[in-house]
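A.B. asks: Got a predicted model here, sequence first, then my questions.
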Amino acid sequence: MNLNINLKRSVYLMLALALGTLSSCSDDVNPNTLVASNVDASFTFTPVAGAVNTYLAVAQTKGVISSMWDTGTGASPGKMTETIVLPDAGTYTITHTAIGAGGATGTANTQVVVATSDPVKGNLVKGGSFATAADQANWKKVIYKPNSDWTYSAKGATVTGDHAGIYQAIDVIKDKEYTIDMVMSGGASKDMWFEVYAGKTDPATVSGDYADGGKVMGLNTWDGCGNTTISGKLSAIGCTKNVKLDKISNVVKFDITGKIYLMIRCGGGIAPGGITIKGVELRGK
């Protein structure tokens with residue numbers, strides 16, 4: 001009988017300890033952990049010694065899952081520590097968006113003044129913002145399908161329809177490396193391709209699809225990009241391989257000193273409302 005009583009007492013004691021442990025654990029659980037609050041997006045922004053117009057942005061990492069950075073042309077996915085190059089003279093607002101648990105966000109920004117443009121990395125593209133009539137006049141169109149077009153506004157250049165391209169001539173130096181980039185936005189597309197070329201042939205003289213120089217970069221829904229909301233720099237969100245380098249890269253090099261043609265064309269099931277680009281760049285590396 002005493003054995004039964006002791007056994008019961010032991011069972012009760014173990015049950016009490018278990019319940020106490022559960023109670024203690026539940027007290028430690030923050031009901032808001034699924035959605036973070038007060039996400040800290042603070043960061044430091046300092047010049048990189050020995051590098052022209054180059055800065056190191058370092059975000060605090062506590063409670064942050066991922067980061068978005070915006071230098072004034074649109075937010076793009078990035079890392080907690082980013083090297084940011086501002087080749088052109090001007091005043092920039094650098095904005096960091098920190099993303100925490102549950103998609104909660106916080107933002108912080110700082111302003112920097114770049115006094116002098118980098119003579120090596122200056123943008124060779126003219127009118128890459130498309131904001132004014134003078135900007136837009138630097139571009140020519142190639143309309144491949146009658147229901148397609150590129151339209152210009154202060155928001156950028158927007159392609160709609162099934163297939164259309166825009167291009168401009170740019171003078172380059174033989175064997176010098178350059179990078180190409182642009183900021184993109186738009187809805188999710190289906191069966192769409194967006195391609196960038198840098199060739200030696202004037203697109204106006206080409207019958208059929210332009211492919212001179214090989215694709216440099218782009219989006220392609222079959223490869224897994226462009227089939228969700230489009231937002232950010234093409235160099236960050238693109239999944240099309242650079243044909244000459246056989247990898248995803250926005251670096252190009254030419255075997256001539258003289259004129260090349262930066263050609264941007266898009267087709268297929270373009271998202272309703274179109275795909276918009278701005279901040280188009282071709283810069284010395």
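C.D. replies: Cool, got the structure.

A.B. asks: what's the offset of the helix or strand harbouring residue 97 from the middle of its chain?
C.D. replies: Using DSSP states H and E, residue 97 falls within strand 90-99. The chain centroid and the centroid of strand 90-99 are separated by 14 Å, computed with C-alpha atoms, centre = their mean, to the nearest Å.

A.B. asks: What is that strand packed up against?
C.D. replies: Helices and strands touching strand 90-99, by 3 or more C-beta pairs under 8 Å, 6 or more residues apart in numbering; DSSP states H and E, are strand 54-59, strand 66-70, strand 105-114. All C-beta atoms are positioned from the backbone trio N, CA, C, and that covers glycine.

A.B. asks: So the residue nearest to residue 108 when sequence neighbours are not counted: helix, strand or coil?
C.D. replies: Excluding its sequence neighbours, the residue lying closest to residue 108 (C-beta to C-beta, 6 or more residues apart in numbering) is residue 41, at 4.1 Å. Assigned with DSSP: H, G, I helix; E, B strand; the rest coil, residue 41 falls in the coil class.

A.B. asks: Now do the end-to-end distance for stretch 64-84.
C.D. replies: 20 Å (C-alpha to C-alpha, to the nearest Å).

A.B. asks: how is this structure carved up into domains?
C.D. replies: For the chain, automatic domain parsing gives the domain ranges 43-114, 133-284.

A.B. asks: so where do the helices sit in the stretch 1-150 of the chain?
C.D. replies: 2-28, 133-136 (DSSP state H, counting those that start in this stretch).

A.B. asks: mean pLDDT for those helices: which is lowest?
C.D. replies: Of all these, mean pLDDT reaches its minimum on helix 2-28 (a mean of 39).

A.B. asks: Going by mean pLDDT, which of the domains of the chain comes out lowest?
C.D. replies: In terms of mean pLDDT, the lowest-scoring of the domains of the chain is domain 43-114 (a mean of 93).

A.B. asks: which residues touch the residue nearest to residue 138 when sequence neighbours are not counted?
C.D. replies: Residue nearest to residue 138 in three dimensions, not counting chain neighbours: residue 127, with 3.7 Å by C-beta to C-beta, 6+ apart. The neighbours of residue 127, taking C-beta atoms under 8 Å, 6 or more residues apart in numbering as the test, are 134-139, 168.

A.B. asks: Quick one: buried ones out of these?
C.D. replies: The neighbour-count test (16 or more other C-beta atoms under 10 Å) marks 135-136, 139, 168 as buried among the contacts of residue 127.

A.B. asks: Quickly compare the domains of the chain and say which is most buried.
C.D. replies: Mean neighbour count (mean count of other C-beta atoms under 10 Å) peaks for domain 133-284 among those, with a mean of 18.

A.B. asks: centre of the chain versus it, how much separation?
C.D. replies: Centroid separation for domain 133-284 versus its chain: 15 Å, with C-alpha atoms, centre = their mean.

A.B. asks: Which residues does stretch 193-202 contact?
C.D. replies: Here stretch 193-202 makes contact (C-beta under 8 Å, 6+ apart) with 169, 178, 180, 182, 184, 210-222, 226, 234, 240, 252, 254, 256, 259-268, 275, 282.
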